[in-house]
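Chemist: what's the 3D shape of this:
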Amino acid sequence: MIRTFEKLGPLGPSLGLFTVCLLVFFLNRIALGFYFSDSILNTAGFLHYLPLGLRMDTIILSLFFSLPILITLLSPATFFSRLRTVISGYFLLVITFFVFMEIVSWPFLDQFSSRPDQQFFQYLTHPKEVISMLWGEYKLLLTLSVIFIYYFIKIGWRAINLLLRRAGEWSYTKQLIVLPVVIILFTIGARSGTGQANANPGIAAFSNNHLLNQLAQNSSYSLTYSVYLSRRSTLNSNKLFGNMAQDDVISRIKKYMDVPAENFTNPAIPTLHIQKPTIVRNRPLNLVIIVMEGFGSDHIGTLGGDINGITLTPNFDELSKEGVLFTNIHSIGTRTSRGIEAMVSGYLPTAKGSSILKMPLAQTNFFTIASLLKRFDYQTSFIYSGESHFDNMAAFFIGNGFDQIIDEADFINPNYYGTWGVSDEDTFVKANTIFRKQQGKNFLSVVLTISNHPPFDFPDGKISLYEQPAHTPNNATKYADYALGKFFKLAKKEEYFNDTVFLITADHPLLIRADSLVPVNKYKIPALIIAPGLKPARISTLGSQIDLLPTALDLLGMETEHPMIGRNLFMNIPQIKNKQVSVYTTSVAFRTADKVSIYQPQTAAKTFRLESGGGKNTFIQIKDDPEFSMDALAHILFPGLAYRQQIYRQQ
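Modeler: Numbering: from 1, shown residues only. Here you go, the predicted model:
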């Protein structure tokens, strides 16, 4: 084989390494297919992910290999010998990157059912926590990977240098003759064809099984493409999904709001409207929003999440009998930052990697529940178990109405300190102390927990373990429930309890495995409201996290003005359809009842009917409904439009 590539003259080493990389990508893709076989084998035509994967691999290799090949052909043999070390270093760096990304694909796909994308960089900004989490989950993989990468670099350097030294020589004339042919071939390879459209991840979107599409992807390509997109535009979903006039976007958004036309107050802020309370109170109630990490409905006993007949959440189950439990609420995404933007701002999910928490135009004068309630002289706080600068939460909150940020640095001698911060129990005890000091004054607080996050750190001796070993998702959920129960035992002894609306929900389910493009049925989270005078009930209305703030506001007792597009779920208006909007990596689903429209980047929308039966949910693709798809597109475009036009504000 080496002699074959020697006959290709100065192109031999590059084309040889190109072929080796293709083989590595191919073998790793096959191995991933075996690992995730339970999720892909039942999909028709699943083997098509292999040739599509070869196409995606060719794109990334053409992009990265074109530079050294062009330099090689443009350099006379005598000059090329001086560049050999530089080109060897380039090849080693690039191929090491490819190998590293193939290794990283395993835990990333396992955790997120997605190839590494912009989310990969977001986690790298917090190396201590991420390394600790990965070490807890993938000790063997990490150890073997470090050893392998070390020897790969060591041996690879020698091998690449040997290839370049043994390369045959061509006359400079021959090199220049071959040059145009090589340029054409690599251009076709990088563009994946000769059509007008450039290559993009949509090439790999051949199936209604999201995971299968991801296996057809190439991790190095998905990561570099996400960087390209992030630099190309700022929350501009038009380039990914399609265009729509601003007035049409707004009118379609309003169609799903239960707001009379006369209640909209400012044409310059088109969704700004008055929300009138059901009961007007002489003194408004406090609002405490508890966002539980990874507290998905699939682990909540009262929502059918018993594990082998055993409930992991006895405290939540009992609390649900004291308030209104919404049984059909869904998260807008799969990351904490998504849950926070919904629970703090009532904001629809953006289809791009960054949440609104990090976007520059949203750092001040962006609507939050804190900026709204400060107008009514509420004291506002954010209480978090970990580091508040994670995902830029602290900066976003301080710039948008929160007076006080309490994070792990403010806990003196906590009972337990884990990978991501202090325990949920410590967090709730601290929250109760803060609320007690605010008795007699109106206050808003958002409390975000962390214990139910990989690697599932929590203190020993607090719960009877469901299983061994201790640090598992089931045990962590049980501990999170224990901490929640302890908080309410403390709160019920305080005066503020009878003056407060408590909203308990989750940021997202613990782990969503994709067996469809966007598994909307797996986004379900608990939502429980406990408030003075509120009669216990269960409401099965379909909704998203963006509906929870307008619903809780209804109970505070005063008229408010805000731009949130979510609905008050206490008001069931038959002529207005309830919706779910959820994002999965860069795909977005819009759902009403059992009808779902799914948009993927640079791919035509698909419409499905969600059928339930036998404990399973099945997505049946149906004929596209253009009007419904346009409604879906409006909800996808609105977040970017509102951000760029700076119209998601109060004044």
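Chemist: Name the SS class of Trp170, please.
Modeler: Put simply, Trp170 is coil when judged by DSSP: H, G, I helix; E, B strand; the rest coil.
Chemist: ok, and the closest non-adjacent residue to it?
Modeler: Gly9 (4.2 Å; Cβ to Cβ, 6 or more residues apart in numbering). Glycine gets a C-beta too; all of them are placed from N, C-alpha and C.
Chemist: what does Phe590 give?
Modeler: In space, and not counting its chain neighbours, Phe590 is closest to Ala632: 3.4 Å by Cβ to Cβ, 6+ apart.
Chemist: quick one: what helix or strand has that neighbour in it?
Modeler: Using DSSP states H and E, Ala632 falls within helix 626-644.
Chemist: helices and strands around that helix, which ones?
Modeler: The contact analysis (3 or more Cβ pairs under 8 Å, 6 or more residues apart in numbering; DSSP states H and E) places helix 626-644 against helix 238-241, helix 246-255, strand 587-592, strand 595-599.
Chemist: Let me know the next secondary structure element after the last one.
Modeler: This means strand 595-599. Following strand 595-599 toward the C-terminus (DSSP H and E): strand 606-613.
Chemist: try the second one
Modeler: Sequence-wise, the next helix or strand downstream of helix 246-255 (DSSP H and E) is strand 273-275.
Chemist: any idea what sits nearest Leu17, other than its immediate chain neighbours?
Modeler: Spatial nearest neighbour of Leu17, chain neighbours left out: Phe91 (6.0 Å); criterion: Cβ to Cβ, 6+ apart.
Chemist: what does Phe108 give?
Modeler: Pro116 (5.0 Å).
Chemist: Identify the residues contacting that neighbour.
Modeler: Residues near Pro116 by Cβ atoms under 8 Å, 6 or more residues apart in numbering: 101, 104-105, 108, 219, 222-223.
Chemist: three-state assignment of it?
Modeler: Pro116 - assigned by three-state DSSP - is coil.
Chemist: Per-residue pLDDT of it, please?
Modeler: As predicted, Pro116 sits at a pLDDT of 83.
Chemist: Ok, Ser237 next?
Modeler: Confidence score, pLDDT, at Ser237: 69.
Chemist: Could you do Gln246 as well?
Modeler: Gln246 carries a pLDDT value of 94.
Chemist: With Phe376 instead?
Modeler: Note on Phe376: pLDDT of 96.
Chemist: Make sure Pro473 is actually in contact with Pro509.
Modeler: No - here Pro473 lies out of contact with Pro509, judged by Cβ atoms under 8 Å, at a distance of 10.6 Å.
Chemist: what touches both of the two?
Modeler: Common neighbours of Pro473 and Pro509, using Cβ under 8 Å, 6+ apart, are Gly294.
Chemist: Looking at the helices and strands packed on helix 626-644, which is nearest to Phe638?
Modeler: Between Phe638 and the helices and strands packed on helix 626-644, the shortest gap by Cβ to Cβ is with helix 246-255, which sits at 5.4 Å.
Chemist: other SSEs contacting the closest one?
Modeler: Using 3+ Cβ pairs under 8 Å, 6+ apart, the elements in contact with helix 246-255 are helix 626-644.
Chemist: what angle do the helix it packs on and strand 606-613 make?
Modeler: Orientation check (axes from the mean of the first three to the mean of the last three Cα atoms, to 10 degrees): helix 626-644 against strand 606-613 gives 110 degrees.
Chemist: Return the residues in contact with the residue nearest to Phe590.
Modeler: Ala632 sits next to 588, 590, 597, 599, 605 when contact means Cβ under 8 Å, 6+ apart.
Chemist: repeat for Ala190
Modeler: Residues near Ala190 by Cβ under 8 Å, 6+ apart: 59, 62-63, 66, 199.
Chemist: hmm, which two among these are most spread apart?
Modeler: Every pair of those checked by Cβ to Cβ; the farthest is Ser66 and Ala199, at 13.4 Å.
Chemist: Those two - which one has more neighbours?
Modeler: The residue with more neighbours, out of Ser66 and Ala199, is Ala199; 21 against 18, by other Cβ atoms under 10 Å.
Chemist: Roughly how far does the residue at the greatest distance from the centre of the chain sit from Ile177?
Modeler: Largest separation from the mean C-alpha position in the chain: Ser171, at 53.4 Å (Cα atoms, centre = their mean). Here Ser171 is placed at a distance of 9 Å from Ile177 (Cβ to Cβ, to the nearest Å).
Chemist: Please apply the same query to Met558.
Modeler: For Met558, the distance to Ile177 - Cβ to Cβ - is 80 Å.
Chemist: Which one of those two is surrounded by more residues?
Modeler: Using other Cβ under 10 Å as the criterion, Met558 and Ile177 rank with Met558 on top: 17 against 12.
Chemist: Identify the residues contacting the residue nearest to the more buried one when sequence neighbours are not counted.
Modeler: In space, and not counting its chain neighbours, Met558 is closest to Pro284: 4.9 Å by Cβ to Cβ, 6+ apart. Contacts for Pro284 (Cβ under 8 Å, 6+ apart) come out as 376, 442, 556-558.
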